[in-house]
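# What follows is a predicted structure for the sequence shown.
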Amino acid sequence: MVNRVNRVPNREPQGGEVAQTAVQPERWGRGRRLKVSLPIFIILIGILVTISNITAVPWNTEPTGQSIETLSPDTVVTFSGSGDRHASGSTAGNAADSASASADNQGRYQVASHHVTIKAVRPATGEVQSMRVNIREPVGASGKRPAVVFMHGAGYGTSDNSFADVAHDITSAGFVTAVPDKPVWSTNDITRDYPGSAVAYDQLIRLVRAMDDVDAHGVGIYATSESTWISPYLLTLDPDIAFQVLLSTMVYTPRQALGFFVAQNFTLVGANNGYQSIVRRVFHIDSSMFGLANLDIPVQLKAAYSIPTFVAYGSKDVMTAQVEGIRKIVDMASASGNRDVTVRSYPVANHVLRLGDEADAGTELSDNYVGDVIDWAVGTVQGRTQTSERVAGSQIYQSIAVPVELQSNRFLSLYGVILHGAMLALLLAAAIIALIALGVKIRHLIRHEGPVLAMRHGFGGSLLALATTTMATLILFAAGLGQVCYAVVKLGWGGAPAEDPGMMYWSWPMVQVVSTLVVWAWSRVLTGVIEEASARGITRLPPRKGAIRDAFTGREPVVASTRLGRVLFWVTTLALMHVLLFFAFWGLFIY
């Protein structure tokens with residue numbers, strides 16, 4: 001092909017002035033453009049598909065649909081020599097003599113409470129938290145009383161906004177109860193100090209044991225959800241704890257337990273299966289790169305279930321692996337010589353044994369739950385023989401297997417951090433340059449000066465269309481994922497999944513389709529760039545002398561005649577290409 005080029009004398013463009021070079025290349029036909037753009041498209045798609053598959057993480061969800069048939073549907077806990085349950089939910093005799101004048105005719109005591117404050121020291125740092133404790137005592141109860149120390153689940157519970165109904169009922173049955181502020185120090189949800197928290201809770205247990213009306217050998221714990229990752233450390237630290245009530249026990253490491261929870265719930269809320277690729281990649285992150293060790297902290301410690309243990313789950317709990325969890329608890333308890341494990345599964349109850357959405361105020365606890373806990377604790381501290389079935393209530397079910405193969409992946413984590421950092425930096429740079437261009441354009445319009453960008457051969461319009469489409473696709477992806485996360489959180493609190501998943505389902509294939517079309521559009525744009533570069537001798541081997549310098553300086557521009565236009569084009573192009581790499585990282589190019 002012969003290019004006919006007519007030149008005018010060269011001079012350096014001034015300000016926003018367009019270079020004074022007239023280039024009249026021979027234009028390519030549609031067939032040639034297709035011959036060039038198709039291989040570019042195949043190469044780009046090949047790169048993106050390869051990245052999606054390289055970063056893919058295998059995940060074994062088998063066996064699915066595991067279950068344990070309970071031995072009785074009745075959750076009531078009975079012991080030899082115990083009478084019928086009272087209306088309060090406690091058995092006859094309570095924890096001591098219900099004939100006391102201070103107890104009513106059903107064996108319930110009035111409850112008095114007061115607060116104390118202890119200085120909880122975090123062993124790892126020496127940081128001190130003033131931990132306020134709400135201590136409830138049965139009014140007029142004689143003798144030394146057994147006691148229960150409560151341990152918080154996730155969040156930032158305090159002594160006054162947590163466990164109020166459960167603590168009141170247990171106290172009215174004759175126990176002393178202690179509900180502290182959650183020991184958090186300066187940690188957050190992902191940097192919790194579980195061994196340090198165990199030390200703080202043990203400090204409270206020692207305080208309760210020293211109380212005049214407490215039986216020092218009858219102090220147990222009530223742990224729920226996240227705190228069941230702390231209780232194994234507490235029992236290792238303090239083997240004299242008398243018993244433990246474990247609500248929605250998290251038996252496996254945080255990486256395994258949370259991976260199970262999220263993977264299961266993505267399916268339950270109706271999210272497209274493609275979103276599972278996000279779960280798999282997230283839970284293979286090497287958190288140690290960021291100084292976070294909690295994901296892989298060992299929790300199946302030898303002492304974890306070495307004392308009398310009451311385990312409670314709700315049939316609507318979508319956060320815990322109940323079948324494998326119960327089997328592991330029984331096995332570990334047996335290995336430590338403990339045969340005293342009682343399991344109860346409550347119908348309709350959620351992760352915190354409430355009947356409904358925990359986000360709604362006043363959601364009630366499952367029927368019989370508190371009474372069962374009291375009956376079991378009373379019989380246990382009195383050393384009686386349990387006569388009711390050890391495993392009772394509704395059928396125990398688990399949808400998928402616990403992903404015990406989950407482990408950190410340093411390569412995947414490093415690549416993800418670099419990619420996301422580069423994408424955000426380039427998007428920010430492109431946005432800043434675009435704002436500068438807008439400001440300059442406004443100034444030029446006011447002053448009636450020349451063009452600001454001077455994009456050539458439709459590159460400006462193509463870049464704007466691609467930027468708009470790519471960013472809209474990124475927003476759609478974020479919105480779909482956001483809706484999935486919201487639905488999962490709502491489900492975790494006891495809400496019901498929507499009948500129509502809507503965006504959670506169709507957003508994934510929509511992003512896949514649009515991303516593929518964007519790649520095709522980019523192949524056409526790059527073909528145009530190659531055509532223009534070819535006309536200026538840049539693609540020759542070797543390139544025409546001075547061709548690259550002339551394109552770079554704007555004397556013979558390829559995409560834009562002004563420096564600002566060229567910078568905007570290439571920075572925006574790099575940013576948008578990184579968005580496609582972002583999509584590939586999260587598995588959107590696995591079809």
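Cool, the structure landed. Numbering: from 1, shown residues only.

# can we go C-alpha only for contacts and neighbour counts from here?
OK.

# what's the average pLDDT for stretch 439-450?
The average of the pLDDT scores along stretch 439-450 is 78.

# any idea how far F41 is from T516?
9 Å (CA to CA, to the nearest Å).

# So for those two, which sits in the more crowded spot?
Using other CA atoms under 10 Å as the criterion, F41 and T516 rank with F41 on top: 22 against 19.

# contacting residues for L44?
V519, S523 (CA atoms under 8 Å, 6 or more residues apart in numbering).

# where's it, which helix or strand?
helix 30-54 (DSSP states H and E).

# Likewise for W508?
With DSSP H and E as criterion, W508 is part of helix 503-535.

# Which other helices and strands does that helix contact?
helix 30-54, helix 459-492 (3 or more CA pairs under 8 Å, 6 or more residues apart in numbering; DSSP states H and E).

# Now do it against helix 30-54, angle only.
130 degrees (axes from the mean of the first three to the mean of the last three CA atoms, to 10 degrees).

# what distance separates helix 503-535 from the middle of the whole chain?
Centroid separation between helix 503-535 and its chain, computed with CA atoms, centre = their mean, to the nearest Å, is 31 Å.

# now swap in stretch 234-253 and tell me
Relative to the chain's own centre, stretch 234-253 is displaced by 24 Å; criterion: CA atoms, centre = their mean.

# Next: stretch 421-433.
Relative to the centre of its chain, stretch 421-433 is centred 26 Å away, using CA atoms, centre = their mean.

# Buried residues in it, which are they?
A422, M423, L426, L427, A429, A430, A431, I433 (16 or more other CA atoms under 10 Å).

# go on, stretch 113-131?
Quick answer for stretch 113-131 (16+ other CA under 10 Å): I118, A120, V121, R122, Q129, M131.

# from these, which single one is nearest L48?
R122 (47.1 Å; CA to CA).

# distance of the closest one from V149?
According to CA to CA, R122 and V149 sit 19 Å apart.

# I figured A312 was touching S248, is that so?
Yes - counting by CA atoms under 8 Å, A312 touches S248, with 6.0 Å between them.

# helix or strand for P146, which one?
Assigned by DSSP H and E, P146 falls in strand 145-151.

# what angle sits between the helix holding W508 and helix 459-492?
Going by the same axes, to 10 degrees, helix 503-535 makes 160 degrees with helix 459-492.

# packing partners for the one helix or strand T171 maps to?
Assessed by DSSP H and E, T171 sits inside helix 164-172. Counting contacts by 3+ CA pairs under 8 Å, 6+ apart, helix 164-172 is packed against strand 111-121, strand 128-138, strand 176-180, helix 369-381.

# closest to Y156 out of those?
Smallest distance to Y156 across the helices and strands packed on helix 164-172 (CA to CA): 11.0 Å, for strand 176-180.

# any residues touching that closest one, and which ones?
With CA under 8 Å, 6+ apart, strand 176-180 has contacts from 131-138, 145-151, 158-160, 162-163, 167, 170-171, 208, 214.

# centre of the chain versus the lengthiest helix in the chain, how much separation?
When the chain is parsed with DSSP state H, its longest helix is helix 410-447. Remark: helix 410-447 is offset 28 Å from the chain centroid, using CA atoms, centre = their mean.

# Is T320 in contact with Y252, as I believe?
No - applying CA under 8 Å as the test, T320 and Y252 come out as separate, 9.4 Å apart.

# can you list residues touching both of the two?
With CA under 8 Å, 6+ apart, T320 and Y252 have no common neighbours.

# Quick check: neighbours shared by F41 and T516?
With CA under 8 Å, 6+ apart, F41 and T516 have no common neighbours.

# quick revisit: does anything pack onto the strand holding P146? Which helices or strands?
Partner elements for strand 145-151 (3+ CA pairs under 8 Å, 6+ apart): strand 176-180, helix 194-209, strand 214-224.

# Now mean neighbour count and mean pLDDT too, for these, in JSON lines please.
Shown next, in JSON lines, are these (neighbours: other CA atoms under 10 Å; pLDDT from 0 to 100):
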{"stretch": "strand 176-180", "mean neighbour count": "29", "mean pLDDT": "97"}
{"stretch": "helix 194-209", "mean neighbour count": "20", "mean pLDDT": "97"}
{"stretch": "strand 214-224", "mean neighbour count": "22", "mean pLDDT": "97"}
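
# between these, which gets nearest to P298?
helix 194-209 (10.4 Å).

# Render the CA-only coordinates of that closest one in PDB, please.
Extracted in PDB, the C-alpha atoms of helix 194-209 (Å, rounded to 0.1, in the frame of the first residue of the first chain):
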ATOM      1  CA  TYR A 194      -9.900 -14.200  70.700                       C
ATOM      2  CA  PRO A 195      -7.200 -15.400  73.100                       C
ATOM      3  CA  GLY A 196      -7.100 -12.000  74.700                       C
ATOM      4  CA  SER A 197     -10.800 -12.000  75.000                       C
ATOM      5  CA  ALA A 198     -10.600 -15.400  76.800                       C
ATOM      6  CA  VAL A 199      -8.300 -13.800  79.400                       C
ATOM      7  CA  ALA A 200     -10.800 -10.900  79.900                       C
ATOM      8  CA  TYR A 201     -13.800 -13.300  80.400                       C
ATOM      9  CA  ASP A 202     -11.700 -15.400  82.800                       C
ATOM     10  CA  GLN A 203     -11.000 -12.300  84.800                       C
ATOM     11  CA  LEU A 204     -14.800 -11.800  85.100                       C
ATOM     12  CA  ILE A 205     -15.200 -15.500  86.000                       C
ATOM     13  CA  ARG A 206     -12.700 -15.100  88.900                       C
ATOM     14  CA  LEU A 207     -14.600 -12.100  90.100                       C
ATOM     15  CA  VAL A 208     -17.900 -14.000  90.100                       C
ATOM     16  CA  ARG A 209     -16.300 -17.000  91.900                       C
END
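
# residues near R327, how many?
Neighbour tally, R327, other CA under 10 Å: 13.

# can you check E405 too?
For E405, using other CA under 10 Å, the count is 11.

# do the same with T385
Neighbours of T385 using other CA under 10 Å come to 14.

# now swap in F411 and tell me
Using other CA under 10 Å, F411 has 12 neighbouring residues.

# Can you tell me how far it is from Q276?
For F411, the distance to Q276 - CA to CA - is 20 Å.

# Just give me how far the helix holding T171 sits from the chain centre.
How far helix 164-172 lies from its chain's middle: 32 Å, per CA atoms, centre = their mean.
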